[in-house]
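Trainee: Sequence and predicted structure are below.
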Amino acid sequence: MEPGLEVISFYEPEAPTTCSYATHLAVVAVDAETGFVNLLKYFIVDDSGVLVNPMTAHGQVHGALAHGIGGAMFEELFYDGEGQLLSSTFVDYLLPTASVMPEVIVDSVETPSLTLGVFKGLGEGGAIPTAGALANAIDDALSEYGVKLLELPITPERVYTLIKKRER
């Protein structure tokens, strides 16, 4: 008998749902001398139901990815001792620009929704898993240094500091 594990399970909700799904994979290179993370490629596969306009949908995914990259790598909220937000404008923190964006490969799986129109939402699918995908890719790239990422954003300064602490 071959070793293995197999499970089959089915779930049918009482009412139709419109849950969309996305899978993300990031390919990065980290410069250990500067802490700069170069985003090389980024793969996204969405299940957003039947796409009414695939080009518009994929454009929306690209925009959501840029938003997710900002949250994962650049945007940090700072407060003073009184709880006053000090980083409330675009002047106060970095934003992703076109030069930071990787090559993005987007594909779709079209599983029709049970609702009228057979489509699902898709905008959030580009932004929500981005931090996890990037943190895992950067964590993997830094594994030879024994570095473990434990907080966001993953700024070059934070990466550089983690590497230098482990080298001592």
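Mentor: That came through, no problem. From a predicted model like this one, the values you see are computed outputs, not experimental measurements.

Trainee: How about the helix or strand of the chain with the lowest mean pLDDT, which residues are buried there?
Mentor: One helix or strand of the chain scores below all others by mean pLDDT, DSSP states H and E: helix 156-167, with a mean of 90. The neighbour-count check on helix 156-167 (16 or more other C-beta atoms under 10 Å) flags P156, R158, V159, Y160, L162, I163 as buried. In this view, the C-beta of every residue, glycine as well, is placed from N, C-alpha and C.

Trainee: ok, so what distance separates the first one from D31?
Mentor: Here the criterion is C-beta to C-beta, to the nearest Å. By it, P156 lies 8 Å from D31.

Trainee: Overlap in contacts, these two.
Mentor: Residues within reach of P156 and of D31 at once, by C-beta atoms under 8 Å, 6 or more residues apart in numbering, are V37.

Trainee: which residues touch the least confident helix or strand of the chain?
Mentor: Helix 156-167 is contacted by residues 30, 32, 34-37, 138, 142, 145-147, 149, 151 when judged by C-beta under 8 Å, 6+ apart.

Trainee: now these: which count as buried?
Mentor: By neighbour count, with 16+ other C-beta under 10 Å, the contacts of helix 156-167 hold V30, A32, G35, V37, I138, L142, Y145, V147 as buried.

Trainee: now, which of those lie within helices?
Mentor: The members of the buried ones among the contacts of helix 156-167 that map onto helices under DSSP state H are I138.
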